[in-house]
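Engineer: Kindly return the folded structure for what I paste below:
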Amino acid sequence: MATAGRRTDTKTQVQRLLGLLNKHSDVVSDSLTGSVEPQEKAYSAAVDALVGINALLPLEEGIYHLNPRIRSYLSEQMAQYSAFQALTRISDQIHSARSKWLEMLAIKHSGDLRDMQVMEDSFTLTVTEIHHFMTQNLLLLSTQIATDFGNVKTLRAKLQQNKFYADGVRKLSMELEQLEAFCNDMDKDSLGKGFYYVRQIVNTRIRSRLPEWFTRVNDVQATISRKLFESKELEVDVLLWSQSVLWLTRNPTLNGLDVAVDEKCPADLCIPTPIKVRPQLDVMARPVAGIDVIAAAVARLPKVVEASAAPEPKVIQKVLRRGNSIEEVALLPEEEMIEDLKQALLTQGHTEISGLAWQPDKRAVHGINDESWLLFLASQLALQQIPFTFSMLPREKGWTNDRYSDVVAQPLPFVSELELSS
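Structural biologist: Numbering: from 1, shown residues only. Have a look, this model is predicted:
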């Protein structure tokens, strides 16, 4: 009976709170985008009612802002995130879940099970919070990347947000590793201690979703890293463009650029360049002046003289050459580097050649990055049946594919230059 009474009181309080929020939803929507102040009588009464249930909190004298928990819930539902909104840390929830698990073990060991149900409900709530926080973190990251950090406009702010979330994703990956270790411990301990319900909760709500979370976090991390790399390459060009735009903004002109004509003025800017203009008359139009102009132009045309075409003399066709000429096609820079590498393998004997260290200056001149060069080198060596090996990097946790840092061409025993060129 006492439990039923408490449930009735809770239900009444929840209905009252939600009723007030629904009744004064206009004030709540105003406070979502900024602070609110008491205005006319009805609006001020709504503000006082929301302050009474802590939906609005005082910011200054007569100025109120929305409760951060309500703001966070509404922002998540509408996917409207503020600039530099931090990811929700889950390390506290992991520590809380571990403490509650140890307490459940202590309760079972003592034999007094009166608080067991309360601890199980609390543990289930903590596990649900971990799942919810991870889902919201991934939604926040996906929204920010999909909109290219659309909550800010300047390039500098976008780059800063990119760096901010790169650090946040790195910390989130570390917390996911802690969560994985906790789930593995729970899976073993709960099975041995007989807590099958707790084991089912952890496995279904967290452990089964860990691979997906790891994959999505790695994808986000790769996307952010790629955006940082692209922005660094564009930073110089954007800086030059911004300086040009700033100069044009400060020096507005109507007819080209205003250049001071004095002794310091470059001679190339003072050379007049005539523009050839050919008037085009619309022959479909029929104004009086246009007809007169067209008639005068036709009168000045020379008369057409029809000349009889002379017969072309017959020419005996002679075969001047037999066979087809082969046109030499110039090789691309990367193809020239492959040919040089093949010649080096022939001349250097039993010496391995590192692809990463092969002609780095030439690659820098032609703008060929290391990743593209190694990929092209591996494919060409495989097509031409030249033995090579990969220099593999140690496998890191959370990465599915193997990674390599270099392609090493092996020596060519018993291979002649004629066979290699064919």
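Engineer: going forward, measure contacts and count neighbours with C-alpha atoms only.
Structural biologist: Noted.
Engineer: Mind jotting down where the strands sit in this structure?
Structural biologist: In the chain, the segments counted as strands under DSSP state E are 56-60, 63-66, 353-354, 388-392, 404-409.
Engineer: most tightly surrounded among the ones you listed?
Structural biologist: strand 63-66 (a mean of 20; mean count of other CA atoms under 10 Å).
Engineer: and that strand, C-alpha only, in CSV?
Structural biologist: Provided in CSV are the C-alpha atoms of strand 63-66 (Å, rounded to 0.1, in the frame of the first residue of the first chain):
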residue,chain,number,x,y,z
ILE,A,63,17.0,37.8,-16.1
TYR,A,64,16.5,34.0,-16.3
HIS,A,65,17.8,31.2,-18.4
LEU,A,66,16.5,27.6,-19.1
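Engineer: Tell me which stretches of the protein form helices.
Structural biologist: 2-23, 25-32, 41-52, 68-78, 91-110, 116-146, 155-193, 196-205, 210-250, 288-299, 333-347, 360-365, 370-383, 417-421 (DSSP state H).
Engineer: Determine which of those helices shows the lowest mean per-residue pLDDT.
Structural biologist: Per-stretch mean pLDDT for the helices of the chain is lowest at helix 417-421 (a mean of 47).
Engineer: Just put the helices of the chain in a markdown table and tack on mean neighbour count and distance to residue 311.
Structural biologist: What follows is those, written out as a markdown table (neighbours: other CA atoms under 10 Å; distance: least, CA to CA, whole Å):
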| stretch | mean neighbour count | distance to residue 311 |
| --- | --- | --- |
| helix 2-23 | 12 | 99 |
| helix 25-32 | 16 | 92 |
| helix 41-52 | 16 | 102 |
| helix 68-78 | 13 | 85 |
| helix 91-110 | 16 | 98 |
| helix 116-146 | 16 | 73 |
| helix 155-193 | 16 | 73 |
| helix 196-205 | 15 | 94 |
| helix 210-250 | 14 | 65 |
| helix 288-299 | 11 | 32 |
| helix 333-347 | 16 | 54 |
| helix 360-365 | 12 | 60 |
| helix 370-383 | 15 | 59 |
| helix 417-421 | 10 | 55 |
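Engineer: out of those, nearest to residue 61?
Structural biologist: helix 41-52 (13.3 Å; CA to CA).
Engineer: re earlier: how about JSON lines for the helices of the chain, with distance to residue 308 added?
Structural biologist: JSON lines is the format used below for the helices of the chain (distance: least, CA to CA, whole Å):
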{"stretch": "helix 2-23", "distance to residue 308": "97"}
{"stretch": "helix 25-32", "distance to residue 308": "90"}
{"stretch": "helix 41-52", "distance to residue 308": "100"}
{"stretch": "helix 68-78", "distance to residue 308": "84"}
{"stretch": "helix 91-110", "distance to residue 308": "99"}
{"stretch": "helix 116-146", "distance to residue 308": "73"}
{"stretch": "helix 155-193", "distance to residue 308": "73"}
{"stretch": "helix 196-205", "distance to residue 308": "96"}
{"stretch": "helix 210-250", "distance to residue 308": "64"}
{"stretch": "helix 288-299", "distance to residue 308": "25"}
{"stretch": "helix 333-347", "distance to residue 308": "58"}
{"stretch": "helix 360-365", "distance to residue 308": "63"}
{"stretch": "helix 370-383", "distance to residue 308": "64"}
{"stretch": "helix 417-421", "distance to residue 308": "61"}
